[in-house]
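Novice: just need the structure, nothing else, for what follows:
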Amino acid sequence: MSHGKQFTLYTHAGGPNGWKVAYVLSELGLTYESIYLDFGTKEQKSPEFLKLNPNGRIPAIIDHLNNDFVLWESNAILLYLVERYDKAHKFSAATDVEKAIQNQWLFFQASGQGPYFGQWAWFSFYHAEKVPSALERYYKETERVFGVLNDVLSKQEWLVGDKMTIADISFIPWNNGAFSFILGPDYPVAESFPAVYKWHNAMVSRPAIKSLVDAREALRKQ
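Specialist: Have a look, this model is predicted:
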């Protein structure tokens, strides 16, 4: 193969959504090259990248195994990866009913967790003025989302069936952000959301994922 790697992943060192794609690629044993875009110089808005993703956001992938097929939107990428490269359903639902539940949680992550947690980050670090009501709203929404997850995960180990799937994996990066920044390191996550705490730690302790969690932290410190 001329590219050397099976995939090219356009991502960002700190941005959460690219990392979930990396986690799934890694768990599936697919090789990839990460290209970290510089948001400071707005590389994600460059004409070259907009040809790949007209939305000007990360992540985007090029699948060199499939005629250099290009896809963007992180959870759409996760679905594509397992539908094409996880025929044994190691990390994906197998039945129609479980696929529907898997999609339910992927939509919840994309419409609930990601935007709420992301808006807290925006109003905390990037917005020109401090808006206490916005910070309070998204802080409470963070707690609410974790409450929903904790209620479900207190009754079952994983979101879909009896194994970790892309539905679970999709939550990891923003979980990390919430624990570190939104709720803060002094927040009693283990006491307030014990099922979430157990679930999250079970995922990030997996070698394929832990190595990337550590790599992200190293990149953030550079």
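Novice: in the protein, where is pLDDT below threshold?
Specialist: Counting by pLDDT under 70, the chain shows low-confidence ranges at 1-3.
Novice: break it into its domains for me.
Specialist: Domain assignment for the chain by automatic domain parsing gives 7-90, 96-208.
Novice: among the ones you listed, which comes closest to residue 222?
Specialist: domain 7-90 (7.6 Å; CB to CB). In this view, the C-beta of every residue, glycine as well, is placed from N, C-alpha and C.
Novice: that older thread, of the domains of the chain, which approaches residue 221 most closely?
Specialist: Residue 221 lies closest to domain 7-90 among the domains of the chain, at 9.8 Å (CB to CB).
Novice: need the domains of the chain in a markdown table (columns: mean neighbour count).
Specialist: Converted to a markdown table, these look like this (neighbours: other CB atoms under 10 Å):
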| stretch | mean neighbour count |
| --- | --- |
| domain 7-90 | 18 |
| domain 96-208 | 17 |
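Novice: same list, those, but as JSON lines with distance to residue 214 please.
Specialist: Output for the domains of the chain, formatted as JSON lines (distance: least, CB to CB, whole Å):
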{"stretch": "domain 7-90", "distance to residue 214": "12"}
{"stretch": "domain 96-208", "distance to residue 214": "10"}
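Novice: so which of the ones you listed is nearest residue 216?
Specialist: Closest among the domains of the chain, using CB to CB: domain 7-90, at 5.8 Å.
Novice: chain center to the closest one, what's the gap?
Specialist: Using CA atoms, centre = their mean, to the nearest Å, the mean C-alpha position of domain 7-90 is found 11 Å from that of the whole chain.
Novice: how about stretch 192-204?
Specialist: 16 Å.
Novice: then stretch 88-96?
Specialist: Counting by CA atoms, centre = their mean, stretch 88-96 comes out at 19 Å from the chain centroid.
Novice: returning to what we had before: select, out of the domains of the chain, the one closest to residue 220.
Specialist: Of those, nearest to residue 220 by CB to CB is domain 7-90, at 5.3 Å.
Novice: can you give me the end-to-end span of the closest one?
Specialist: End-to-end span of domain 7-90 (CA to CA, to the nearest Å): 20 Å.
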